[in-house]
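In: Sequence first, then the predicted structure, then my questions.
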Amino acid sequence: MVVLSRPVLDNFSLIETSETTANPSTVIPEIDLLDPHTGNLIVKACEEYGFFKVINHGIPVESVTKLEAETIKFFELPQSEKDKTGTSTLNPFGYGNKRIGPNGDVGWIEYLLFSTSPQNCLSNFPGNSEIFWTLVNDYVSAVRHRLCGVSEMIADGLKIRPMNVLSRLLKDQKSDSCFRLNHYPPCPEHQAFSGQSLIGFGEHTDPQILSALRSNNTSGLQICLRDGTWVSVPADQSSLFINVGDSLQVMTNGRFRSVRHRVLAGSLKSRVSMIYLGGPPLTEKIAPLPSLMEDGEEGLYKDLTWCEYKKAAYKTRLAENRLSLFEKS
Ligand code: GA4
């Protein structure tokens, strides 16, 4: 008898997904950025899902396709070349392969993580760095601009002033934002042997204010609904997907939902995504926006600065509920 051995996918989480996956017809809210009166719809989406899809975002297709092509070129470099910009326990920025964060999380992924602060720039960037840098910077500027626009629509929808109450944090020269390019390689071995799902990026919430994701046409992203079921987000390379992060949940005193999300890998096609994670300056206090608080309303979380929250986040495992560490008892 021939016994086929199972391919080694050591250390990779395989999960049963069928029981927890919601009806695929669950509708992801869609926002048309050409419609100037969408503030209320965005607010509703942030309250209910912490997540929405943006169409007509206006980021030039050329900027996206060129960056995607250069990203693919980077991930095609020999492993030894990519490892030269590797992350370390002390420095999360650079190239990472299978390890996510400093606390033992793994996924079927390789990535490049950039800080948008000049002092954290990658110094030994391989490949055709000049071109790559320009494309990254152009894309980051464009996506930051859209996210600022969305933040102003949120302020409008919440009827709070000034309109730039959130966008000023993302625009600030000292804004502590980051950008990641993720590559989820195909995994044919997994396809052949398993009825389960292979985790590309494990479930988590983003610590920042708002994140904007764009991917190629390979699916994999899932979001968790309020009732705990997971919904697959159909891939759409021409749209942006925006999610609320922990900081915005705090700033809205729990009104907005920092959405738990994950990426399932193991498909026959590569998934390539680019995510801009908009954070405030390190010294900024993360606290409920005063104009949102009703008379006598108590803050749900202890006082914290973004620097303190980020430090605490880096001590946690990916799936942990980080905000619960700061809940007032
Ligand atoms: C999740 C959101 C962003 O991708 C990220 C991630 C960061 C990392 O990959 O280094 C973290 C994760 C993220 C939250 C908890 C800590 C930090 C890995 C991890 C286990 C870049 C971020 O800012 O927080």
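Out: That came in fine, so what should we check first? Numbering: from 1, shown residues only.
In: what pairs with the closest residue to Thr38 other than its chain neighbours across the strands?
Out: Using Cβ to Cβ, 6 or more residues apart in numbering and skipping the chain neighbours, the partner closest in space to Thr38 is Ile31 (5.2 Å). In short, each C-beta sits where N, CA and C put it, glycine included. Judged by DSSP bridges, the bridge partners of Ile31 are Val54.
In: wouldn't Ile31 be in contact with Lys44 here?
Out: No. If you go by Cβ atoms under 8 Å, Ile31 and Lys44 don't touch, sitting 10.1 Å apart.
In: Retrieve the pLDDT associated with the residue nearest to Thr38.
Out: For Ile31, the model assigns a pLDDT of 97.
In: Likewise for Gly266?
Out: Gly266 is assigned 85 on the pLDDT scale.
In: got the buried residues for the one helix or strand Lys73 maps to?
Out: Using DSSP states H and E, Lys73 falls within helix 61-75. Residues 64, 66-68, 70-71, 74-75 are the ones in helix 61-75 that count as buried (16 or more other Cβ atoms under 10 Å).
In: that older thread, which of Ile31 and Lys44 has more residues huddled nearby?
Out: Ranked by neighbour count (other Cβ atoms under 10 Å), Ile31 and Lys44 place Ile31 first, with 22 against 14.
In: Might you report the residue contacts of that one?
Out: With contact set as Cβ atoms under 8 Å, 6 or more residues apart in numbering, Ile31 has these partners: 38, 41-42, 45, 52-55.
In: ok, 6 Å please
Out: 38, 41-42, 52, 54 (Cβ atoms under 6 Å, 6 or more residues apart in numbering).
In: Now for those residues: which two are most distant?
Out: Leu41 and Val54 (11.0 Å; Cβ to Cβ).
In: so what's Ser219 closest to, chain neighbours aside?
Out: Spatial nearest neighbour of Ser219, chain neighbours left out: Ala235 (4.4 Å); criterion: Cβ to Cβ, 6+ apart.
In: I'd say the one you found and Asn216 touch.
Out: No. Judged on Cβ atoms under 6 Å, Ala235 makes no contact with Asn216 at a distance of 7.2 Å.
In: chain center to stretch 106-116: distance?
Out: Counting by Cα atoms, centre = their mean, to the nearest Å, stretch 106-116 is centred 11 Å from the centre of its parent chain.
In: Contacts for it, please.
Out: The contact list for stretch 106-116 (Cβ under 6 Å, 6+ apart) reads 11-12, 93, 95-100, 177-184, 198-202, 265.
In: Quick check: residues of the stretch 1-150 of the chain near the ligand?
Out: Proximity of the stretch 1-150 of the chain to the ligand (Cβ under 6 Å from any ligand atom) is limited to residues 92, 100-101, 103, 105, 113.
In: And the furthest pair within those?
Out: Among these, Asn103 and Leu113 lie farthest apart (Cβ to Cβ), at 15.4 Å.
In: Neighbour count for those two, which is higher?
Out: Between Asn103 and Leu113, Leu113 has the larger neighbour count (other Cβ under 10 Å), namely 21 against 13.
In: Beyond whatever helix or strand the more buried one lives in, next helix or strand please.
Out: Using DSSP H and E, the element containing Leu113 is strand 105-115. Later in the chain than strand 105-115, the nearest helix or strand by DSSP H and E is helix 129-158.
In: Report the buried residues of that next one.
Out: Neighbour counts over helix 129-158 (16+ other Cβ under 10 Å) mark 132, 135-136, 138-140, 142-144, 146-148, 150-158 as buried.
In: what are the phi and psi angles of Tyr276?
Out: Here is the backbone geometry of Tyr276 (degrees, to the nearest 10): phi -100, psi 130.
In: was I right about it contacting Val143?
Out: Yes. Contact status for Tyr276 versus Val143: in contact at 4.5 Å, counting by Cβ under 6 Å.
In: so what sits against both of those two?
Out: Common neighbours of Tyr276 and Val143 (criterion: Cβ under 6 Å, 6+ apart): Ala212.
In: Does Glu81 belong to a helix, a strand or coil?
Out: Assigned with DSSP: H, G, I helix; E, B strand; the rest coil, Glu81 falls in the helix class.
In: What is the neighbour count of it?
Out: Neighbour count of Glu81, defined by other Cβ under 10 Å: 13.
In: and what of Asn56?
Out: Asn56: 12 neighbours (other Cβ under 10 Å).
In: and what of Ala265?
Out: With other Cβ under 10 Å as criterion, Ala265 counts 24.
In: Please report how far the residue lying closest to Leu41 once chain neighbours are set aside lies from the ligand.
Out: Spatial nearest neighbour of Leu41, excluding adjacent residues (Cβ to Cβ, 6+ apart): Ile31 at 5.9 Å. Using Cβ to the nearest ligand atom, to the nearest Å, one gets 22 Å for the distance from Ile31 to the ligand.
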